[in-house]
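In: sequence unavailable; structure follows:
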């Protein structure tokens, strides 16, 4: 997804087992990030850092939403175990991930496979992509997203 491009509408199940329709975010800027797996090292660090930064995002009228292929039950356990304050959505068939470029070939320890590309988007109140990071490294990433969000105010 390129900056200025319309982010696709989506309906996914949230961590409470409820349907989450992206149209509910119309008129509101927010962060949507994609991560590989609940309760794994980098994903836990990223989720905890987004949770810690949530008050700063909320102070700008934004929220943060994470998306992985994990089940609702897995998300519930992840949130409880790690004390997370962000909403988590499940994309089990990776349909949304594919649409936005957050799914594809990856290489890890010399092996190539398909999987989630850790990615983050700031989606504007108009539904367009205002910032995008694909294949990000966790270290320092949340701070970069927060800085960019501040610059968009």
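Out: Cool, got the structure. Here the structure is a predicted model, which is why all the values come from computation and not from measurement.
In: check which helices and strands the helix or strand hosting residue 77 sits against.
Out: Using DSSP states H and E, residue 77 maps to helix 72-82. For helix 72-82, the helices and strands in contact under the criterion 3 or more Cβ pairs under 8 Å, 6 or more residues apart in numbering; DSSP states H and E are strand 11-14, helix 41-59, strand 87-90. Bear in mind the C-beta positions are built from the backbone N, C-alpha and C, glycine included.
In: the inter-axis angle of the longest one versus helix 72-82?
Out: For helix 41-59 and helix 72-82, the angle between their directions (axes from the mean of the first three to the mean of the last three Cα atoms, to 10 degrees) works out to 80 degrees.
In: give me the contact list for helix 41-59.
Out: Outside of helix 41-59, the residues that reach it under the criterion Cβ atoms under 8 Å, 6 or more residues apart in numbering are 31, 33, 35-37, 63-64, 66, 68, 78, 82-86, 118, 138, 141-143, 145-146, 149.
In: can you flag which of these belong to helices?
Out: Counting by DSSP state H, the members of the contacts of helix 41-59 that fall within helices are 78, 82, 141-143, 145-146, 149.
In: most neighbours of all the residues you listed, which one?
Out: Of all those, residue 142 has the most neighbours under the rule other Cβ atoms under 10 Å, reaching 25 neighbours.
In: please name the residues that touch that residue.
Out: Applying Cβ under 8 Å, 6+ apart to residue 142 gives the contacts 46, 49-50, 52-53.
In: by mean pLDDT, flag the weakest helix or strand of this protein.
Out: When the helices and strands of the chain are compared on mean pLDDT, DSSP states H and E, strand 103-108 comes out lowest with a mean of 88.
In: tell me which strands and helices that strand is in contact with?
Out: For strand 103-108, the packing partners by 3+ Cβ pairs under 8 Å, 6+ apart come out as strand 111-116.
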